[in-house]
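*Asks:* Provided below are the primary sequence and the corresponding predicted coordinates.
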Amino acid sequence: METILASLTYLIHDNKVLMIKGVKPYAPHYQKYNGLGGKFNLEDNNNPTVCAIREVKEESGLTITNPTYLGKILFSGMFPGKEWLVHMFLCYDFEGELKQDENEGKLHWANIKNTLPDVSILEGDKYFVPWILTGRTFEAHFIYNDRDYISHTVTFFDGK
């Protein structure tokens, strides 16, 4: 089984979260909104924070500072023979001008209502996005059948 390393960052400003709508049919979040992120590459030196900073810059044009590492999720079953180990971040500090790149996806500042963004997200994301938006620390394993959520397990480390 191949494990793909990735980061995912949720930027918060004025009770809104920056989301990106998936435009690539082969992507897990095709036609759904997600945080900003992607696969590790060689320049990241296997450092999740470096990957998060790079991916946010590539997808939005924004430079983040002080991202808070919250944990990791192993996603199984979305693609045959592959698992995704995704490092999760929350960030309030950023600068620069937001840029839209239609090849990456459509950026949108979603309102946060009851710890969820008011846009269409994957069913499984409805479990972990509130953990991120409320700053919980955790490790989790989410199981899918293609893009269909099956179940998850989680361990929290913050005592909440």
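*Replies:* Happy to help now that I have it. Numbers count the residues shown, from 1 in each chain.
*Asks:* surely Phe89 forms part of a strand?
*Replies:* Yes: remark: Phe89 belongs to a strand, assigned using DSSP: H, G, I helix; E, B strand; the rest coil.
*Asks:* which residues does it contact?
*Replies:* For Phe89, the contacting residues are 7-10, 48-49, 52, 67-70, by C-beta atoms under 8 Å, 6 or more residues apart in numbering. In this view, the C-beta of every residue, glycine as well, is placed from N, C-alpha and C.
*Asks:* ok, of the residues you listed, which one's closest to Asn114?
*Replies:* For Asn114, the closest of the contacts of Phe89 turns out to be Tyr10, at 15.7 Å, with distances computed as C-beta to C-beta.
*Asks:* among the contacts of Phe89, name the ones in strands.
*Replies:* When strands are assigned by DSSP state E, the members of those inside them are 7-10, 68-70.
*Asks:* are any of those residues buried, and if so which?
*Replies:* 7-10, 68, 70 (16 or more other C-beta atoms under 10 Å).
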